[in-house]
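Participant: this one's structure only:
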């Protein structure tokens, strides 16, 4: 796995919508569930959102804690 993927999740900010400006790893699960039901945005952002959704869904947020520094 590419560690840059996880680093991006703690640095990249949501570019649009209700949570615009919030770091991807800080998006609420309910918002990610909405995307999961409606469809992920195309491209890299969609992949990032789907990844953080899987991390949160499986209780793996601890993986991101050391990267937030």
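Facilitator: Now that the structure is in, tell me what you want to look at. Everything numeric here is computed off the predicted structure, so don't read it as measured data.

Participant: relative to the whole chain's centre, how far out is stretch 4-23?
Facilitator: Taking C-alpha atoms, centre = their mean, to the nearest Å, the mean C-alpha location of stretch 4-23 is offset from the chain mean by 7 Å.

Participant: now stretch 18-32
Facilitator: Relative to the chain's own centre, stretch 18-32 is displaced by 7 Å; criterion: C-alpha atoms, centre = their mean.

Participant: same check on stretch 19-33?
Facilitator: Between the centre of stretch 19-33 and the centre of its chain there are 7 Å (C-alpha atoms, centre = their mean).

Participant: in this protein, what helix or strand scores lowest on average pLDDT?
Facilitator: The helix or strand of the chain with the poorest confidence is helix 3-11; it has a mean of 92 (mean pLDDT, DSSP states H and E).

Participant: check which residues of that helix are buried.
Facilitator: Across helix 3-11, burial judged by 16 or more other C-beta atoms under 10 Å covers 6, 8, 9, 10. For glycine as for every other residue, the C-beta is placed from the backbone atoms N, C-alpha and C.

Participant: with stretch 43-58 instead?
Facilitator: Buried residues in stretch 43-58, counted by 16+ other C-beta under 10 Å: 48, 49, 51, 52, 53, 55, 56.
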